[in-house]
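Trainee: 3D model of this:
(one chain, ligands or ions: 1)
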Amino acid sequence: MITIKKFIVNPIQVNTFILHDETKKCVIIDAGCFSEQEQLALVNYLEQNELKLEKLLITHGHFDHILGNKFLAQKYNVALYGHKDDEKLIKNLVPYAASFGFSVAESVLIDNYLNDGDEVTFGNSTLKVLHVPGHSAGSLVYYSAEGGFAIVGDVLFKGSIGRTDLVDGNLDLLLSGIATKLYTLPDETGIFPGHGAATDIGYEKTHNPFTLDIY
Ligand SMILES: [Zn+2]
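Mentor: Numbering: from 1, shown residues only. Alright, predicted model coming up:
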């Protein structure tokens, strides 16, 4: 069984998730930790729960979701997984973050590319990779059929959807991806967005004003 732990990090209030199972092996999704205190909070959680970090995953390459990858990749000697289409965002982290007022060091780059339909494993657990572009070109969702949840990054929020006014944003693509890849999941599927509160597919289908017409 997968245990999900959420940390809210950096001034943009990104949700960083640590997922582990009974083997105590874990992955971190969207390591947005920025301050030393935020880095330490993740390290302490791993140590206190005796977890072994196996992989760093990103839902997408926006700067607020990737600020902690360099620290964690170097400390734990783990590889970064993400979609190739967001690589340019990661390569341009320094000027991109600066345009939002953040002074940051360069990021580590993606070591292993993920594509739609791939599976990411840790311990006894498997996450299915769904490619849902539109917020960014390389936005990914990590879905656990067994756990009944999905980590969706900035694709879908409680009552909202990801913004599409940034580089490679595309509202039509985003909505069609939500319709075909998320709203086809079971209604009770738990949704863990990159910002804000958790929700579920059934709630969003009936309450999300941005998606009422798409399915
Ligand atoms: Zn984003």
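
Trainee: What is the least confident helix or strand in this structure?
Mentor: Least confident helix or strand of the chain, by mean pLDDT, DSSP states H and E, is helix 93-98 with a mean of 95.

Trainee: any idea which helix or strand comes after it?
Mentor: Next along the chain after helix 93-98, taking DSSP states H and E as the criterion, comes strand 112-113.

Trainee: Relative to the whole chain's centre, how far out is the longest helix along the chain?
Mentor: Secondary structure of the chain read by DSSP state H shows that its longest helix is helix 36-48. Relative to its chain's centre, helix 36-48 lies at 19 Å (Cα atoms, centre = their mean, to the nearest Å).

Trainee: In the least confident helix or strand of the chain, which residues are buried?
Mentor: By neighbour count on 16 or more other Cβ atoms under 10 Å, the buried set for helix 93-98 is Leu93, Tyr96, Ala97. C-beta coordinates here come from the backbone N, C-alpha and C atoms, glycine included.

Trainee: Any chance of those residues in a markdown table with distance to Phe122 as columns?
Mentor: Output for the buried residues of helix 93-98, formatted as a markdown table (distance: Cβ to Cβ, whole Å):
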| residue | distance to Phe122 |
| --- | --- |
| Leu93 | 25 |
| Tyr96 | 29 |
| Ala97 | 28 |
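
Trainee: now those as TSV including distance to the ion?
Mentor: As requested, the buried residues of helix 93-98 are exported to TSV (distance: Cβ to the ion, whole Å):
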residue	distance to the ion
Leu93	13
Tyr96	11
Ala97	13
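
Trainee: Just give me the residue right at the centre of the chain.
Mentor: Thr59 (3.3 Å; Cα atoms, centre = their mean).

Trainee: quick one: it and Val141 touch, right?
Mentor: Yes. At 7.1 Å, Thr59 and Val141 qualify as touching, with contact defined as Cβ atoms under 8 Å.

Trainee: Let me see the ranges of the helices in this structure.
Mentor: Going by DSSP H, the chain shows helices at 36-48, 69-76, 87-91, 93-98, 171-177, 201-207.

Trainee: then the shortest one to CSV, C-alphas only?
Mentor: So that's helix 87-91. Extracted C-alpha coordinates of helix 87-91, given in CSV (Å, rounded to 0.1, in the frame of the first residue of the first chain):
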residue,chain,number,x,y,z
GLU,A,87,13.6,19.8,-20.7
LYS,A,88,14.1,23.3,-22.1
LEU,A,89,12.3,24.7,-19.1
ILE,A,90,14.7,22.9,-16.8
LYS,A,91,17.7,24.1,-18.8
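
Trainee: helices or strands up against it?
Mentor: Helix 87-91 sits against no helix or strand, with contacts defined as 3 or more Cβ pairs under 8 Å, 6 or more residues apart in numbering; DSSP states H and E.

Trainee: Give the buried residues for that helix.
Mentor: Glu87, Leu89, Ile90.

Trainee: Done for today, thanks.
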